[in-house]
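Chemist: after the sequence you'll find the predicted model.
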Amino acid sequence: MLLPRFDFHEPASIDEACEIMATFGPKAKLLAGGTDLMVNMKKKILAPENLVCLSKIESMHGITEKGDQIVIGGRYTVAELTTDPLVEKKLGALRSGARALGSPLVRNRATIAGNIGSARPASDLPPSLIAYGATVILVSSKGEREVLLGNFFKGPGFTELRPEEVLTEIRVPTPTDGQGAGYINLGVRKAQDCNVVNVASYIELDEKDGSIKKARIVMGSVGPTPLRAGTAESVLLGQKPDEALFLKAGEAARQDCTPIDDFRGSASYRKAMVGVLTKRTLDIAHRQASGA
Ligand SMILES: Cc1cc2nc3c(=O)[nH]c(=O)nc-3n(C[C@H](O)[C@H](O)[C@H](O)COP(=O)(O)OP(=O)(O)OC[C@H]3O[C@@H](n4cnc5c(N)ncnc54)[C@H](O)[C@@H]3O)c2cc1C
């Protein structure tokens, strides 16, 4: 399969990338690892006239703790997320998503911003990032804006990103004592497969009485974008965490999603698995939050 013809741009800075994007707008596409974009170009689903490769922009690579946030550069690869000590210590649910993504070959090229930018409903990284309350920084030659990742996705392949913008970094509030999150994905095969269901849960415990003060449950592959399980979250709020409560939340989450039937699984199977994964990810989140 041949690629369609395109002009190749290789900016060395975010400013330069923004200038190129401002010049070509919808006729240009940002290229990170290419594991999603190149496949779509080879299949002739996309044929951008200009490719703007981000691989020379050093400032978009790396991870740091700044104040009460962990800041991850858009070019940080999925493989790097799986081995990073800060991610391992503080963002276990994101690490689980990274470890579940594709194969070693894919993880070595795929980037965190590319995973978000592809806006696939079954992607492995957005659910935990949304559950942690992450924001994304979108930069253009007119300035920058910070958008809650939970408000970023508009539909399969569609996002809040404007044609001239670059997603430069992801900011995740650093989890502290009393907070925890878990992520589990389920596919037909154990690896190299699109998820049938994937769920991330985050909880924060009240330090005085141990009740649940904050909860975010995010379901992937069961709607056009990652979905918050609002009813399940309200089941948890103000309650003392235990097995029965998490089962009840799992039951509520099933009602919060709108899956479809396809060759990977029926809508009813997906709903049932949303219940199971919600309960299990809440168990993980609770173990972390209570320091068990
Ligand atoms: C064999 C195979 C297996 C896969 N398995 C999985 C899997 O298990 N789970 C999963 O979630 N995904 C999977 N994928 C999909 C893909 O690998 C991931 O979504 C990956 O993270 C995409 O990142 P990338 O850097 O390669 O993005 P690219 O392909 O370079 O870009 C993807 C999209 O994001 C945009 N983009 C890239 N960087 C930016 C930026 N900084 N700012 C704004 N927009 C940007 C691009 O313009 C493009 O629209 C798989 C792909 C393959 C080929």
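Modeler: It's in.

Chemist: ok but residue 190 is inside a helix, no?
Modeler: No: using DSSP: H, G, I helix; E, B strand; the rest coil, the assignment for residue 190 is coil, not a helix.

Chemist: and the stretch 51-200 of the chain, which of its residues are near the ligand?
Modeler: Counting by C-beta under 6 Å from any ligand atom, the stretch 51-200 of the chain comes close to the ligand at 54, 74, 78, 101-102, 106, 109-111, 113-115, 117-118, 123-124, 161, 166-167, 192. For the C-beta atoms, the positions are set from N, CA and C on the backbone; glycine is no exception.

Chemist: the strands in the protein, which residues?
Modeler: 7-9, 28-31, 50-53, 63-66, 69-73, 135-140, 143-148, 153-155, 158-159, 166-173, 179-187, 195-205, 212-220, 227-228 (DSSP state E).

Chemist: mark which of the residues of the stretch 51-200 of the chain next to the ligand are buried, thanks.
Modeler: 54, 74, 78, 101-102, 106, 109-111, 113-115, 117-118, 123-124, 161, 166-167 (16 or more other C-beta atoms under 10 Å).

Chemist: hang on, the earlier thing: for residue 290, find the nearest of the strands of the chain.
Modeler: strand 195-205 (6.7 Å; C-beta to C-beta).

Chemist: what's the spacing between residue 99 and residue 237?
Modeler: Going from residue 99 to residue 237 by C-beta to C-beta, to the nearest Å gives 30 Å.

Chemist: which one's more surrounded, these two?
Modeler: residue 99 (17 against 12; other C-beta atoms under 10 Å).

Chemist: how far away is residue 1 from residue 108?
Modeler: For residue 1 relative to residue 108 (C-beta to C-beta), the value is 22 Å.

Chemist: go on, residue 272?
Modeler: Residue 272 is 35 Å from residue 108, by C-beta to C-beta.

Chemist: got it, and residue 5?
Modeler: 27 Å.

Chemist: these two: who's more crowded?
Modeler: Between residue 5 and residue 108, counted using other C-beta under 10 Å, residue 108 has the larger neighbour count: 14 against 7.

Chemist: what's the burial count for the residue lying closest to that one once chain neighbours are set aside?
Modeler: Distances taken as C-beta to C-beta, 6 or more residues apart in numbering place residue 79 nearest to residue 108, at 4.8 Å, with adjacent residues excluded. Counted by other C-beta under 10 Å, the residues lying close to residue 79 total 21.

Chemist: where does the protein have low pLDDT?
Modeler: Scanning the chain for pLDDT under 70 picks out the ranges 191-192.

Chemist: excluding sequence neighbours, find me the nearest residue to the spatially most central residue of it.
Modeler: For the chain, the residue nearest the mean C-alpha position is residue 126 (1.3 Å; C-alpha atoms, centre = their mean). Nearest non-adjacent residue to residue 126, counting by C-beta to C-beta, 6+ apart: residue 226, 4.9 Å away.
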